[in-house]
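Enquirer: Compute the structure for the input listed below.
(one chain, ligands or ions: 1)
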Amino acid sequence: DQPLTPKQFHLGMFEIGRPLGKGKFGRVYLARERSTGFVCALKTLYKAELQSCRAEGQVRREVEIQSNLRHPNILKLYGHFHDSKRIFLILEFAGKGELYKHLRRENRFPEWKAAQYIAQCAAALRYLHRKHVIHRDIKPENILLGIHGEIKIADFGWSVHAPSRRRQTLCGTLDYLPPEMIVRTGKDGSYNEKVDLWSLGVLTYEFLVGEAPFEDTKAMTERRIARADMTIPSFVSPEARDLIKRLLVLDPEKRLPLEDVEQHPWILKHCVKGS
Ligand SMILES: CCCCNC(=O)c1cccc(NC(=O)CCCCCNc2ncnc3[nH]cnc23)c1
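Expert: Below you'll find the predicted structure:
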């Protein structure tokens, strides 16, 4: 089941197709390995850019972490190689692309679809946490959909081995960050994998409501996160409301464990096993 296994990869082995996306340090292209016809996604990262932002460590961690992971809801990293200017990550191609584009197009997901996505995210996070990996950046932009609509958690550029202390300053949206990553509450400001439980709560809210629970100006967002100050619209079912409230809890130790998320009435109601 590991189609791309040669030890040494190089660019000439691939036919490059259309761009699939772009990020801070490079782009992702559709690609096909010439000898096997295997379709994958090639993520390019420019060394110069990485050096200027001192992000090489992030890439090394992304490669080291993701290449040891094997789970149906986690995007596979088959290998990597580099040339003089770029680093290339050979990633699984997710046939239905970026989840956030589906969310924006549909505005919000029906409860049965949101519940199935959250159940798959919980299964992937349970697998990561068993390996003492914290993702730290669970949000719609970092989730892809496979050809059968299954969740593929991607972009391990921010993941670390638990417990951890943040070094890099956080860029991008604060919406998904838990209180303990915004204000240094813990004695040494450290945090653990419970940060992903908070993000799962934010993700559940955004799937059902169409916007993040603490979305506001930067200052207000920080304040609202620190107080877990959010309102859940009345169209959200009582079961879904209950799950969101059990995940968006200030005290990391009091957040609903992943095992209980998977057994939550809202999840069981919409995810009949073997359906
Ligand atoms: C460790 C580096 C952290 C910062 N990341 C970057 O600089 C960075 C560099 C290049 C690209 C990106 N992010 C992006 O390109 C964001 C969009 C990534 C999704 C591209 N679409 C895909 N559709 C279908 N199957 C896939 N398999 C992999 N991607 C896909 C990010």
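Enquirer: Ramachandran angles for the closest residue to the ligand within the chain?
Expert: Going by Cβ to the nearest ligand atom, the ligand is nearest to residue 23 of the chain, at 1.9 Å. For the C-beta atoms, the positions are set from N, CA and C on the backbone; glycine is no exception. Dihedral angles of residue 23 (phi, psi; degrees, to the nearest 10) stand at phi -140, psi -170.
Enquirer: Can you give me the pLDDT of it?
Expert: We note a pLDDT of 86 for residue 23 in this prediction.
Enquirer: which other residues reach the lowest-mean-pLDDT helix or strand in the chain?
Expert: In the chain, no helix or strand scores lower on mean pLDDT, DSSP states H and E than strand 160-161, which sits at a mean of 76. With contacts defined as Cβ atoms under 8 Å, 6 or more residues apart in numbering, strand 160-161 is touched by 61, 65, 132-134, 136.
Enquirer: Tell me the one of those residues nearest residue 73?
Expert: residue 133 (13.8 Å; Cβ to Cβ).
Enquirer: Could you check which helix or strand contains the closest residue to residue 122 other than its chain neighbours?
Expert: Leaving out its chain neighbours, the residue that sits closest to residue 122 by Cβ to Cβ, 6 or more residues apart in numbering is residue 261, at 4.5 Å. According to DSSP states H and E, residue 261 maps onto helix 258-262.
Enquirer: mind listing what's buried in the helix or strand containing residue 60?
Expert: Assigned by DSSP H and E, residue 60 belongs to helix 56-67. Within helix 56-67, the residues scored as buried using 16 or more other Cβ atoms under 10 Å are 58-59, 61-63, 65-67.
Enquirer: from the chain's centre, how far out does stretch 234-245 sit?
Expert: 23 Å (Cα atoms, centre = their mean, to the nearest Å).
Enquirer: any idea of the mean pLDDT in it?
Expert: 98.
Enquirer: Output that stretch as PDB - backbone C-alpha positions only.
Expert: C-alpha atoms of stretch 234-245 as PDB (Å, rounded to 0.1, in the frame of the first residue of the first chain):
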ATOM      1  CA  SER A 234     -30.800  28.800  18.200                       C
ATOM      2  CA  PHE A 235     -30.800  26.800  14.900                       C
ATOM      3  CA  VAL A 236     -28.000  24.600  16.400                       C
ATOM      4  CA  SER A 237     -29.500  21.400  17.800                       C
ATOM      5  CA  PRO A 238     -29.300  20.900  21.600                       C
ATOM      6  CA  GLU A 239     -27.000  17.800  21.100                       C
ATOM      7  CA  ALA A 240     -24.600  19.800  18.900                       C
ATOM      8  CA  ARG A 241     -24.700  22.700  21.400                       C
ATOM      9  CA  ASP A 242     -23.900  20.300  24.200                       C
ATOM     10  CA  LEU A 243     -20.800  19.000  22.400                       C
ATOM     11  CA  ILE A 244     -19.500  22.500  21.600                       C
ATOM     12  CA  LYS A 245     -19.900  23.600  25.200                       C
END
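Enquirer: What lies in contact with it?
Expert: 111, 114-115, 118, 201, 204-205, 208-209, 213, 232, 256, 261, 264-267, 269.
Enquirer: rerun at 7 Å
Expert: 111, 201, 204-205, 208-209, 232, 261, 264-266, 269 (Cβ atoms under 7 Å, 6 or more residues apart in numbering).
Enquirer: Kindly identify which of the residues you listed also come near the ligand.
Expert: Applying Cβ under 6 Å from any ligand atom to those, one finds that nothing falls near the ligand.
Enquirer: Farthest pair within those residues?
Expert: Once Cβ to Cβ is applied, those give 209 and 265 as the farthest pair, at 19.5 Å.
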